[in-house]
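Engineer: the following comprises the amino acid sequence and a computationally predicted model.
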Amino acid sequence: MLLTPHRVQVRLLGTDVEFETGRIARQAQGAVLARCGDNVVLATVVAAETPKPGQDFFPLTVEYREKYAAVGRIPGGFGRREGRITDHEVLVSRLIDRTVRSLFPEEYRCDVQIQVTVLSAEPSSDLESLSILAAAAALHVSPVPARGPGGGLRIARVDGQWLPFANQQQRARAELEFSVGIGPDGLVMLEGQAHEVDEATALLAITTATEWIGRFQTAFTELRTMAAAAPKAAIPAAPTLPELPAATRGALQEALRITTKSARRAATAAAEQAFVATLADDQRALGKQAFALAVWTETRELALAHGRRLDGRGTTDIRPIACEVGLLPRAHGSALFTRGETQAIATCTLGSPDDALRYDGLDPHGVAERFLLHYNFPPYSVGEIRPLRGPGRREIGHGSLARRGLRAVLPPHTEYPYTIRIESEITESNGSSSMATVCGGTLAMLHAGVPLRAPVAGIAMGLITDGTRHAVLSDILGDEDHLGDMDFKVVGSAQGITAIQLDNKVGGLTLAVLEQALHQARDGRLHILAEMQKTLAAPAEPSRFVPRAARTAVMPDAIGALIGTRGANIKAITEATGAKVAVDDAGEVLVYATDQHSARRAMQMVQRAAGVLKVGRCYRGTVTGVKDFGAFVKINAVNEGLVPVEELDHGPVRHAGDIAREGEEMLVCVLGADDRGRLRLSRRQALGVGEDQIEF
């Protein structure tokens, strides 16, 4: 069979990207093979013909997966096949989901699955951008009724230049990198991090990326025409909903004036039940839809017409804030951060480089992450009951955003050689729990003594608009997120933005609204930082439970002797002293201990095992050979030297064998090295020294 593929190509600042359809995965409703250099990804779209009975939401599933064969590797693990989805794959799946979700009509209820598979990869390249674009292209050429075309990619600012498809080396130097998603009407998704950039720079990144993505949108339209794609499926007409009587609307309006979340929801539920009870059985499902629409309408009108929010605040008001540190006496650092009805307990734990997270991926060298942030959202935080089955995609996404926001202000590892783990336990939630994690994480690290470059805080912004009027809301509630048109989170210090995330439900944002939201977020962030600094403004003195780090260096050729066979020497030092010892390939040694005696003793044992000797200090060694001119003594696996016959005793020695016998222990003092670099030792100078002068 002759297969005739259809292809379009986009060239962007010297990078060529090709999109092909019609040759591969032809039974999917939409399929696009995207190429950029050696990178090849396949995106497919499949949708159910009809919704499931009673389906009252849009069930979109996005799966991004990386194949090890893409880089010519066989997976590890017992089964030698790809395992469960990784956190990285979850985060890319979320980027794609958030770029395309708002393109679907509100009334659409059919199951849709988008799969993006990496088939060939250069590991350091920007696979995420290629995958977002491929998914948007596959959706546009399919008959699935999504408005389009959409598109998205990452933009980075490196050495003052704006770059698309930046590789890992360039991203490591970037002062800003944003993933931007665009629909036919404008911005729909934003995710990224920066090194304290101002709002004007963030806006310029978004507008530049929007221009670039527009070229891909034009190409996707051309690809759909070339492929003679099937028409988009029709959307079923919305059902006719029953009218709410005046009494029900009045009860709803009264309920929405209650400022407490639990009481407001109880009153709203009571009004709904009373209304639904008046309907025939076959009308009750439609009645619930009608009531939900009324809640949506009334809530939004309160903000648009009266500038009043569900908890009684104005549009720019921030909820009351309470901060506390030292909540947990044994934790290295701890903080309790409360903002309105949202609360987080954050802990900071400091460890050695061996505690870093090492995970496998397409990069054959693997990745070691020395800053970890884990976000937990237990069901009791919202008064619910559900099984505890590990973090879901939402928790992974929220944790990633908070981690990026905090990572920008961490001290360099060369100056602060700890692995840092932040754990955020959300104990109450009514909106913006990820931003509470940022604030609590900052306070917990300061309490542990981490020398942050600057404190950071986060705030979630919302939007309500009817096309002519709009209200930008600061520090949104959970209901305002659900019933509003935007969830816009901004993290930063007093100097600028460190992380950002936006999801837009209205199909596009004007630049004026986005600029207003950014500046309003800055005002809110500065207010929150001022409240946090009333509790703790600078790194505290670390508690006695925080390990102290001591640093030394050994010669690279002595690393093996220090580590020992299968780590035997390192384990012996840890068992003898209680300290943790880490050594890297360059010979840098870090000793972690909670008391100075353990640290000193461990450092001495490290230096001895690695052959680091001090002139004038005494060591115990073993005689390895006896000659007429002296005795050879081995102090450790690295160092062996000569004790000349005149240095064997205070008095004259005629034969070295009168003092030294092979295999016996001898206490010696290090004199230095001769002109040929050989170690010179003395037993005479070690005689009668105290134990405090003998190195371990």
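Structural biologist: Received, thanks.
Engineer: need the longest helix for the chain.
Structural biologist: Ranked by residue count and defined by DSSP state H, the top helix of the chain is helix 199-226.
Engineer: list the buried residues for it?
Structural biologist: Across helix 199-226, burial judged by 16 or more other C-beta atoms under 10 Å covers 199, 202, 204-206, 208-210, 212-213, 216-217, 219-221, 223-224. The way it works is simple: take the backbone N, C-alpha and C, and place the C-beta from them, glycine included.
Engineer: dump the residue contacts of the spatially most central residue of the chain.
Structural biologist: Centroid-nearest residue in the chain, with C-alpha atoms, centre = their mean: Ser400, separated by 2.8 Å. Going by C-beta atoms under 8 Å, 6 or more residues apart in numbering, Ser400 touches 87, 91, 373.
Engineer: and the strands in the stretch 551-696 of the chain, which stretches?
Structural biologist: 580-583, 588-593, 618-627, 630-634, 640-644, 665-673, 679-682 (DSSP state E, counting those that start in this stretch).
Engineer: mind putting those strands into TSV with distance to Arg264, mean neighbour count and mean pLDDT?
Structural biologist: Converted to TSV, those look like this (distance: least, C-beta to C-beta, whole Å; neighbours: other C-beta atoms under 10 Å; pLDDT from 0 to 100):
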stretch	distance to Arg264	mean neighbour count	mean pLDDT
strand 580-583	51	22	88
strand 588-593	50	22	86
strand 618-627	75	18	91
strand 630-634	79	22	93
strand 640-644	80	21	92
strand 665-673	78	18	90
strand 679-682	80	21	91
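Engineer: isn't Met435 right up against Met461?
Structural biologist: No. At 10.1 Å, Met435 and Met461 do not qualify as touching, with contact defined as C-beta atoms under 8 Å.
Engineer: hey, what's in contact with both of the two?
Structural biologist: Contacts common to Met435 and Met461, judged by C-beta under 8 Å, 6+ apart, are Lys489.
Engineer: of the two, who's got more company?
Structural biologist: Met435 (30 against 24; other C-beta atoms under 10 Å).
Engineer: report pLDDT for the more buried one.
Structural biologist: Per-residue pLDDT puts Met435 at 97.
Engineer: that one - nearest residue in space that isn't next to it in sequence?
Structural biologist: For Met435, ignoring the flanking residues on the chain, the nearest one in space by C-beta to C-beta, 6 or more residues apart in numbering is Gly458 at 3.4 Å.
Engineer: before we move on, the earlier item: would you confirm that the residue nearest to the centre of the chain belongs to a strand?
Structural biologist: No. If the criterion is DSSP: H, G, I helix; E, B strand; the rest coil, then Ser400 is helix and not within a strand.
Engineer: quick one, helices of this structure?
Structural biologist: Under DSSP H, the chain gives helices at 87-100, 127-141, 168-172, 199-226, 246-255, 261-276, 284-306, 393-407, 433-447, 478-483, 511-533, 559-563, 568-577, 596-609.
Engineer: mean confidence score for the first one?
Structural biologist: Going back to what we said before, that points to helix 87-100. 96.
Engineer: then the third one?
Structural biologist: Computed over helix 168-172, the mean pLDDT rounds to 93.
Engineer: centre of the chain to that helix, how far?
Structural biologist: On the basis of C-alpha atoms, centre = their mean, to the nearest Å, helix 168-172 sits 16 Å off its chain's mean C-alpha point.
Engineer: thought Glu82 was touching Glu89, still the case?
Structural biologist: No. Under the criterion of C-beta under 8 Å, Glu89 lies out of contact with Glu82, with a separation of 9.7 Å.
Engineer: residues contacting the closest residue to Ser493 other than its chain neighbours?
Structural biologist: Nearest-residue entry for Ser493: Ala454, 3.9 Å, with adjacent residues in sequence omitted and distances by C-beta to C-beta, 6+ apart. Contact analysis of Ala454 by C-beta under 8 Å, 6+ apart lists 196, 409, 493-495.
Engineer: the longest helix of the chain vs helix 87-100, what angle?
Structural biologist: 80 degrees (axes from the mean of the first three to the mean of the last three C-alpha atoms, to 10 degrees).
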